[in-house]
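Undergrad: No sequence on hand, only this structure:
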C-alpha cells in the first residue's frame with residue numbers, strides 16, 4: 001500500500017519525537033516559491049492540484065506495474081492536522097483526486113487514505129472514490145472485544161472493505177515492557193483476522209517484530225487458517241449470545257473470604273465515552289476496568305468529556321485508594337468523594353506547561369477510606385485534565401454481583417459455507433488486564449453460546465493461538481440454529497474450528 005503523503009507535511013510544531021514539523025520544508029509552500037500560502041491551500045489551489053497530478057502521473061508510471069501493489073493511499077492520518085485544514089475541502093480534494101487517479105491508472109489499483117483511530121469521518125469514507133476504509137488502533141483496551149465492534153460498524157455504515165491499517169499496544173513505541181507476554185499484540189492480530197476486516201490488524205512496530213523474530217506467531221495463525229479456506233468464498237460475522245453488562249454496584253459480601261487488593265488498568269484513549277462506573281467485587285474487576293474507566297479525568301475545559309469515574313466496593317476499616325498520577329494539562333484539581341462527600345482535594349500544577357502525557361508527575365496519591373459498602377468518585381474540579389496510569393484499591397472485601405452476574409470469555413468469529421472460526425480470550429488476560437503477570441489464572445468450565453449456525457450437531461476443535469498446538473479431543477455440540485459449545489480450560493486464549501458432523 002503505497003502512501004503518498006503524511007500529516008507531518010502540513011505540521012508546524014514538533015511532535016512527541018521532536019520532528020515531523022515539515023510545512024516549513026514543503027515545496028508547495030510560498031516560502032519556497034510554491035502556490036500555497038497556507039496548508040489548506042494545498043487542497044483548494046488549482047495550481048497545487050495541477051502540480052500534484054503531475055506527481056501522481058509519475059508514481060503511476062514508476063510503480064503501477066507491480067503485482068505487489070495493493071492500493072494507492074493518499075495520506076497517513078491527515079486528520080492529525082485538521083486544526084490547519086477545512087475538513088470539507090479535504091473531502092472534496094479526495095473525491096477529485098480519486099477520480100483523476102482512477103482515470104490515469106490502467107491497472108485499476110484500489111484507492112484509499114487514512115485517519116487516526118480517534119476520528120471517524122463519514123465525509124471521507126462515504127466517498128465512492130475511497131474503495132476501502134481504514135482504521136488505526138493504538139493503546140486499544142480489550143482489543144478482542146473492541147476491534148470487532150469497530151470493524152462491524154465500519155462495514156455496516158460504509159458498505160466497503162475495512163482495514164485496521166495500523167495497530168500497537170502503545171503509539172509511542174513497541175513498549176514490550178507493557179506487554180511482555182505479547183497478549184495484547186496477539187489479541188489484536190486475531191481480532192482483525194476473525195472480525196471481518198482485511199487481514200490481521202497491521203502492527204506498526206514491524207522492526208521490533210523482526211528484531212525479536214516473532215514470525216512464529218504469524219506461522220501459527222497461518223497453520224490454523226489455511227485448512228479453512230479463509231480468504232476465499234463468502235464469510236459472515238458470527239454472532240454470540242450477549243455477554244451482559246456488568247453491574248455498577250456490588251452485591252452482598254462473601255462470608256469468610258480474605259480481603260484483597262486489585263490494580264485497575266484504565267482505557268488510554270483520548271475522548272473515550274465510557275460509562276465510568278465499576279463494581280469491584282473481586283480481583284477479576286481488573287478485566288473489566290478498561291471498558292468502564294478512562295485515564296483522562298477532565299475538568300471544565302472539556303465539559304463534553306467529563307464522564308464519571310466511580311468505584312463501588314465493600315471495604316475494610318484500613319482500606320486505601322492509590323492513584324498513579326502521570327501528567328496534568330493546564331492545571332487541575334483532583335478530588336475524591338466517598339458516598340457523595342469530599343474527603344480529599346489537591347491542586348495539580350501543570351509542571352511542564354504542556355499537554356503531553358509524559359510522566360511529569362509519576363507519583364502515587366494515596367487516600368485513606370472508611371469501611372463498609374462505599375461509592376467512591378474521582379473528580380476534577382479544575383479546568384483541564386489530569387491523567388492516571390492506574391488506580392488500586394487495597395483491603396477490599398470479596399462480594400457477589402447482584403442477580404448472580406458473572407464475567408464470561410470474549411469471543412469473535414466468522415461463519416463460512418463449511419465451518420465457523422472462533423477466537424476466544426480469557427477475560428483475565430484481556431489486555432491490559434494482568435498484562436505483566438507471567439501466569440494468568442485459567443478460566444474453567446466456560447460455555448460459548450454461538451448463534452446462527454445451522455441446526456444439527458457440530459464438532460469444535462480447539463487450538464493454542466500462539467503455537468497452533470491442538471488442545472485435546474474435539475468437543476461435540478447440538479443446537480437448532482445455535483449451539484452451546486463447551487470450552488476446554490484455558491489460561492490466555494483459544495482458536496477454534498467448528499464444523500457440522502455429517
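TA: That came through fine. Just so we're clear, the structure is a prediction, and the values are computed from it rather than from any experiment.

Undergrad: Next SSE downstream of the host helix or strand of residue 154?
TA: Using DSSP states H and E, residue 154 sits in helix 143-158. Sequence-wise, the next helix or strand downstream of helix 143-158 (DSSP H and E) is strand 162-168.

Undergrad: what angle separates that following strand from helix 143-158?
TA: Per axes from the mean of the first three to the mean of the last three Cα atoms, to 10 degrees, the angle that strand 162-168 makes with helix 143-158 is 150 degrees.

Undergrad: what helices or strands is strand 162-168 leaning on?
TA: Strand 162-168 is packed against strand 133-138, helix 143-158, helix 183-193, with contacts defined by 3 or more Cβ pairs under 8 Å, 6 or more residues apart in numbering; DSSP states H and E. Any C-beta I mention is one placed from the backbone N, CA and C, and that applies to glycine too.

Undergrad: hang on, the earlier thing: mind listing residues that contact the helix holding residue 154?
TA: Defining contact as Cβ atoms under 8 Å, 6 or more residues apart in numbering, one finds that helix 143-158 is touched by 120, 122, 125-126, 133, 135, 137, 140, 161-162, 164, 167, 184, 187-188, 190-192, 194-197, 201, 237, 291, 410, 412, 423, 425, 430-431, 493.

Undergrad: and with 6 Å instead?
TA: Defining contact as Cβ atoms under 6 Å, 6 or more residues apart in numbering, one finds that helix 143-158 is touched by 125, 133, 140, 162, 187-188, 191, 195-197, 410, 412, 425.

Undergrad: Same question for stretch 351-359.
TA: With Cβ under 6 Å, 6+ apart as the criterion, stretch 351-359 contacts 326, 327, 329, 360, 387.

Undergrad: so which of the helices and strands packed on strand 162-168 is the most packed in?
TA: Among the helices and strands packed on strand 162-168, helix 183-193 has the highest mean neighbour count (mean count of other Cβ atoms under 10 Å), at a mean of 26.

Undergrad: could you give the angle of it to helix 143-158?
TA: Going by the same axes, to 10 degrees, helix 183-193 makes 30 degrees with helix 143-158.

Undergrad: what's near enough to touch residue 248?
TA: 277, 279.

Undergrad: Recalculate using a threshold of 8 Å.
TA: Contacts of residue 248 by Cβ under 8 Å, 6+ apart are 275, 277, 278, 279, 310, 312.

Undergrad: got a winner among those for most neighbours?
TA: For the contacts of residue 248, the largest neighbour count, defined by other Cβ atoms under 10 Å, is 29 neighbours, found at residue 278.

Undergrad: and residue 254, how many neighbours?
TA: Neighbour tally, residue 254, other Cβ under 10 Å: 14.

Undergrad: Now do it, the pLDDT please.
TA: pLDDT, residue 254: 94.

Undergrad: lowest-confidence helix or strand of this protein?
TA: strand 475-479 (a mean of 67; mean pLDDT, DSSP states H and E).

Undergrad: Downstream of that strand, the next helix or strand is which one?
TA: Next element after strand 475-479 (DSSP H and E): strand 482-486.

Undergrad: nearest to residue 455, of the helices and strands packed on strand 162-168?
TA: Closest to residue 455 of those, according to Cβ to Cβ: helix 143-158, at 24.8 Å.

Undergrad: And the pLDDT at residue 152?
TA: At residue 152, the pLDDT recorded in the model is 96.

Undergrad: ditto for residue 232
TA: 89.

Undergrad: how close does the nearest residue to residue 31 once chain neighbours are set aside get to residue 331?
TA: Nearest-residue entry for residue 31: residue 24, 7.2 Å, with adjacent residues in sequence omitted and distances by Cβ to Cβ, 6 or more residues apart in numbering. Residue 24 sits 31 Å away from residue 331, taking Cβ to Cβ, to the nearest Å as the criterion.

Undergrad: quick check: mean pLDDT across the strand or helix carrying residue 4?
TA: Assignment of secondary structure by DSSP H and E places residue 4 within strand 2-6. Averaged over strand 2-6, pLDDT sits at 96.

Undergrad: Who does that strand pair with, and is each partner parallel or antiparallel?
TA: strand 71-76 (parallel) (DSSP bridges).

Undergrad: how far does the strand it pairs with sit from the chain's center?
TA: Strand 71-76 sits 22 Å away from the centroid of its parent chain (Cα atoms, centre = their mean, to the nearest Å).

Undergrad: Spatially central residue for this structure, please.
TA: residue 140 (2.6 Å; Cα atoms, centre = their mean).

Undergrad: and that one, what does it touch?
TA: By Cβ under 8 Å, 6+ apart, residue 140 lies in contact with 117, 146, 147, 167, 169, 188, 269.

Undergrad: if I pick residue 229, what's in contact with it?
TA: With Cβ under 8 Å, 6+ apart, residue 229 has these contacts: 416, 418.

Undergrad: For it, grab phi and psi.
TA: Backbone torsions of residue 229, given as degrees, to the nearest 10, read phi 80, psi 20.

Undergrad: what about residue 224, is that helix, strand or coil?
TA: helix (DSSP: H, G, I helix; E, B strand; the rest coil).

Undergrad: ok so, going back, with secondary structure and neighbour count added, can I get the contacts of stretch 351-359 in JSON lines?
TA: Conversion of these to JSON lines gives the following (DSSP: H, G, I helix; E, B strand; the rest coil; neighbours: other Cβ atoms under 10 Å):
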{"residue": "326", "secondary structure": "strand", "neighbour count": "20"}
{"residue": "327", "secondary structure": "strand", "neighbour count": "25"}
{"residue": "329", "secondary structure": "coil", "neighbour count": "24"}
{"residue": "360", "secondary structure": "coil", "neighbour count": "19"}
{"residue": "387", "secondary structure": "strand", "neighbour count": "24"}
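
Undergrad: what bridges to the residue lying closest to residue 292 once chain neighbours are set aside?
TA: Nearest non-adjacent residue to residue 292, counting by Cβ to Cβ, 6+ apart: residue 278, 4.4 Å away. Residues in a beta bridge with residue 278, per DSSP bridges, are residue 311.
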